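# dropping a prediction and its sequence here:
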Amino acid sequence: MLDLKLVRQNPQAVADQLAKRHFDFDVDGFLSLDEARKQADIESQNLLAERKQASKKIGELVKGGMPIDEAKASVNATLAKIEEQLSELTSKAKAAQETLDDLMAGIPNIPHPDVPEGKDEADNLEILRWGEPKSFDFEVKDHVDVGENLGGLDFDVAAKLTGSRFSVMRGEIARMHRALIQFMLNTHIGQHDYTEVYVPYMVNKDSLRGTGQLPKFEEDLFKLEGDQEYYLIPTAEVPVTNLLRDTIVEAADMEKGLRFVCHTPCFRSEAGSYGRDTRGMIRQHQFEKVELVQLVKPADSEAALEALTGHAEAILQQLELPYRKVLLCGGDIGFSSRKTYDLEVWLPAQNQYREISSCSNFGDFQARRMLARWRNPETNKPEYLHTLNGSALAVGRTLVAILENYQQADGSVVVPEVLKPYMQCDVIK
RNA sequence: GGAGGGGUGGCAGAGUGGUUGAAUGCACCGGUCUUGAAAACCGGCGUGGGUUAACGCCCACCCAGGGUUCAAAUCCCUGCCCCUCCGCCA
C-alpha cells in the first residue's frame, strides 16, 4: 500500500513513477474519489458531532433530575434530523472509504530510481556473472533424463498420485534434495546470522493481504475448502513477514534488524502458465524453498538488500554453480517490490540462465499494509519498518542445476563438495 | 466434540448505559533536588482520519461484524482468538 498522503500531495508524480511499471494510475479518478470520500466523511462527522452534543445534553438534564422523556423532548428537533440522516450519511461515507481503499490496495509499489526502464525480462539489467559454464565433451542431458536414468526422479508416478506439475524423488536424489535444505539452513544460520523459524503452511486472508498477494493475485493461490478461509502458502514470505503484523518493535530490538530464515514447501496454482516449462521440475505446484526475510529500519533497507542478495549468492558460490545477477526492469518487477535482484543459474541443457532466486526490498509497502512498525527513538513515534525477502534458494531448481551441471558422460552425477557431509556417497549413479 | 471463564492503552489492571479515550500501577520522556546516580516529588505520555499558517478543534477506535438506545467499553446476537475441565487423538 502506498502512503495515501503522498499520493494525495503529488498524484501526478506517483503516476509518473508508476508508469515505469506500465501501470496506468488514473489521477483524475483518484482525486475525485478522494474528494467524494472527504465530503461524505465531513458530512457524517458533522452529524455525529451533533448527535454527541444532543446526547450529552440529555445526559445532563437527566442527571439534573428531569424525566427522560421530557429531556428528549427538549432537544427533539435535533434528534429528528439526526434520526433521518445519520444511517444514510454514515453508510455513504463508509462506501466511499471502501472504494478508495480498494483502489489503493490495487496500486503497486513505486519502483526505486535504480530500477531500469523496460517491458519484460529481456530488458532486465545484468549486474554480474559468476563462474564459468562448464564445457562438456559429451551431449548434455536435461535434469529429467539425468534423474530418470538414475531412477531418482519420477514425474509419471507423481501424475498418477496427483496430476501434472508434481514430482516424486527416490534414493540419493531425494536425499540430495533434503541435503540442500539442510545445507542452506545451516549456512544462513551459522554464517549469515539468521534466526530459523518454523511456521504454518496455511494462512488466512489477512496475512496474504499484508504481503500483497491479495486482493489482486488470488488466482495464483490454492484455497482450501472448509469453514475457514485458509490458503496454502505460495512462499514462506507470507507467514514469516506477517510474524510482525500489528506489532510495534522497540528500538533496542531493531539495532541489528530482524532476520529470519525459514524452510517451507510452497504451493502455486501456476494459473496462466499452462504452456511454460511443462517438462521437469522447473515449474511445479509444490516445491521447497529456503527463504530469507528481513525487517529493518528504513535507513538500513538498501544496504540490507545488497547483503541479503549476497547471502543467496553465497549458496550458489559454495555449490559452485555458475550464475548471473540481474536487476529487474520496471515491467518485470513484482507488485509489492521496490527493487528486485534475480539470481539466474546456468542450466547447460537449456543453454541459458534460469531464475533460482528473487531478492526484493519492499520498502514500507508491506509494512503499511501489515502495520509492522518500530518505535523511532528520535520521534518516539511508531514508524513503518522496511521489509525484504529473498529465496536462498529455491530447492527444486537448485537440484535441477546440480543434476545438469554435475552430470558425467556415464549418466552419473558428482556430489558437490559442500553437500558431501550430508550424503553417503560422492557420486550418484 | 461437551461444559465453563475471558479478550480494555507498551505491559499489568479498574471500569456493567450518560461530559469515560478510558481510574490506578509499571515502563518510557521532561523537570525539581543531587558532585553524579538512585529515591522522592511535579509534569507529560495511545492509534487512525479530518480541519488549521499555527495553538487548537472535530470524528472514530476498549478483539471483529451486526443490533437495541437520544446515548454502548458497559446490554443483545454472530464470528474469531485465548484459558480451565472432560472426551478423542499424531
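Good, I have the coordinates.

# contacting residues around the closest residue to A:Tyr194 other than its chain neighbours?
Of all residues not flanking A:Tyr194 in the chain, A:Val261 sits nearest, at 3.8 Å (Cβ to Cβ, 6 or more residues apart in numbering). For every residue, glycine as well, the C-beta is placed using N, CA and C. A:Val261 makes contacts with A:185, A:188-189, A:192, A:194-197, A:290-293, A:392, as judged by Cβ atoms under 8 Å, 6 or more residues apart in numbering.

# hmm, which of those residues are the buried ones?
A:185, A:188, A:192, A:194, A:197, A:290-293, A:392 (16 or more other Cβ atoms under 10 Å).

# out of these, which comes closest to RNA strand B?
A:Val197 (17.4 Å; Cβ to the nearest atom of the strand).

# go ahead and confirm A:Val293 touches A:Asn242.
No: taking contacts as Cβ atoms under 8 Å, A:Val293 lies outside contact range of A:Asn242: 9.9 Å.

# overlap of the contact sets of these two?
With Cβ under 8 Å, 6+ apart, A:Val293 and A:Asn242 have no common neighbours.

# circling back: mind telling me what element the residue nearest to A:Tyr194 is part of?
Element membership for A:Val261 (DSSP states H and E) is strand A:258-267.

# tell me which helix or strand comes right after that strand.
By DSSP H and E, the next helix or strand past strand A:258-267 is strand A:286-296.

# could you check the angle the helix or strand just after that following strand makes with strand A:258-267?
Next along the chain after strand A:286-296, taking DSSP H and E as the criterion, comes helix A:301-318. Counting by axes from the mean of the first three to the mean of the last three Cα atoms, to 10 degrees, helix A:301-318 lies at 60 degrees to strand A:258-267.

# point out where the stretch 51-200 of chain A drops to low pLDDT.
A:77 (pLDDT under 70).

# close to RNA strand B: what parts of it are there?
Residues of the stretch 51-200 of chain A found near RNA strand B (Cβ under 7 Å from any atom of the strand) are A:51-56, A:58-60, A:62-63, A:68, A:72, A:79, A:82-83.

# restricted to buried residues, select those in ChimeraX.
In ChimeraX syntax, the buried subset of these is picked out as below (16+ other Cβ under 10 Å):
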select /A:51,54,58,72,79,82
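
# in helices, which of the residues of the stretch 51-200 of chain A next to RNA strand B fall?
A:51-56, A:58-60, A:62-63, A:68, A:72, A:79, A:82-83 (DSSP state H).

# for RNA strand B, give me its nearest residue in the stretch 301-429 of chain A.
For the stretch 301-429 of chain A, Cβ to the nearest atom of the strand, closest residue to RNA strand B: A:Lys381, 4.9 Å.

# scratch that, the stretch 101-250 of chain A is what I was asking about
For the stretch 101-250 of chain A, Cβ to the nearest atom of the strand, closest residue to RNA strand B: A:Ile248, 5.4 Å.

# in three-state terms, label that residue for me.
With DSSP: H, G, I helix; E, B strand; the rest coil as the basis, A:Ile248 sits in strand.

# give me the number of residues near it?
A total of 14 residues lie near A:Ile248 under the criterion other Cβ atoms under 10 Å.

# that one contacts A:Ala367, doesn't it?
No: between A:Ile248 and A:Ala367 there is no contact under Cβ under 8 Å: 11.3 Å.

# which residues do the two both contact?
A:Arg373.

# tell me the contacts of the nearest residue to A:Phe287 once chain neighbours are set aside?
Nearest non-adjacent residue to A:Phe287, counting by Cβ to Cβ, 6+ apart: A:Gly396, 4.2 Å away. Shown in contact with A:Gly396 (Cβ under 8 Å, 6+ apart): A:167, A:177, A:281-282, A:284, A:287-288.
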